[in-house]
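Novice: What follows is a predicted protein model with its sequence.
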Amino acid sequence: MGALGFSAAAAAAAAGSGSCVEELLRAVTYKQVQAIADGANNFAIDTPPVTDGRYWVVFAAAGVRLNGGGAANAFGGLFLMRPDAVGAPVFAAAALSDFEGVQIDAPSTVSGGTISGGANSVSTDRKIIVPPKWFLRFMSTGTPVPAAGGVYALRLAYAELPLTFDSLPLIG
């Protein structure tokens, strides 16, 4: 795997096309979206939907508790959400996950676990492709719900690119 998570073959194929890898590297950016827990409900932090005709290559994503919320921790996960789920409510505490998302982080000691603060509370270290009009959601999923006043954030390092056949080697 290359430094950005691409196979050597994909990078070589893209390099032969001229500007695809260059465009990818120039497009890498950072985004942070925050929410404050109310203490009565689970929370959801959504990215804006990807622009139609474009897609995101997410190199790193993490959900963290920045501060507040007392000693109580929350459980959470990262989810890929389809276009018609914009504004969808989070599920109630102690309910089964009856909502419109696909969990993209895997349960482990770092990922899919307790959001207690720090840089790697809930994270993923693999490339995520977010299609046009889809979005990412960082959501608390546990019981009890996160304590009131806790400030949570979804952090992303990603590139937004035009959806073209030239980009196929990068997403393959």
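Specialist: Everything's here; your move.
Novice: Give me the below-cutoff pLDDT ranges for this protein.
Specialist: Low-confidence segments of the chain, defined by pLDDT under 70: 1-20, 69-74, 92-99, 106-125, 142, 165-172.
Novice: can you rerun that using 50?
Specialist: Along the chain, segments meeting pLDDT under 50 span 1-16, 108-112.
Novice: quick one, helices of it?
Specialist: 8-16, 20-27, 168-171 (DSSP state H).
Novice: Tyr152 reaches Gly68, doesn't it?
Specialist: No: with contact defined as Cβ atoms under 8 Å, Tyr152 does not reach Gly68; the gap is 9.3 Å. C-beta coordinates here come from the backbone N, C-alpha and C atoms, glycine included.
Novice: With neighbour numbers in mind, choose between the two.
Specialist: Set side by side, Tyr152 and Gly68 show more neighbours around Tyr152, with 29 against 15, by other Cβ atoms under 10 Å.
Novice: what about that one, distance to Val57?
Specialist: According to Cβ to Cβ, to the nearest Å, Tyr152 stands 24 Å off from Val57.
Novice: One more: Asp84?
Specialist: With Cβ to Cβ as the criterion, Asp84 and Val57 are 23 Å apart.
Novice: Comparing the two, which residue is more hemmed in?
Specialist: Shown here are Asp84 and Val57; by other Cβ under 10 Å, Val57 has more neighbours (22 against 9).
Novice: Tell me what the more buried one is bridged to.
Specialist: The partner list for Val57 in beta bridges (DSSP bridges) reads Ile129, Ala159.
Novice: How about the one 10 residues further on?
Specialist: Judged by DSSP bridges, the bridge partners of Asn67 are Val151.
Novice: From Gly101, how far off is it?
Specialist: For Asn67, the distance to Gly101 - Cβ to Cβ - is 26 Å.
Novice: The two: which has the busier surroundings?
Specialist: Gly101 (20 against 10).
Novice: Excluding chain neighbours, what is closest to that one?
Specialist: Distances taken as Cβ to Cβ, 6 or more residues apart in numbering put Phe79 closest to Gly101, at 3.4 Å, once the chain neighbours are dropped.
Novice: residue ranges for the strands of the protein, please.
Specialist: Secondary structure of the chain (DSSP state E): strands at 28-36, 44-46, 54-67, 74-81, 101-103, 114-115, 122-124, 128-130, 135-140, 151-162.
Novice: Buried residues of the first one, list them for me.
Specialist: Neighbour counts over strand 28-36 (16 or more other Cβ atoms under 10 Å) mark Lys31, Val33, Ala35 as buried.
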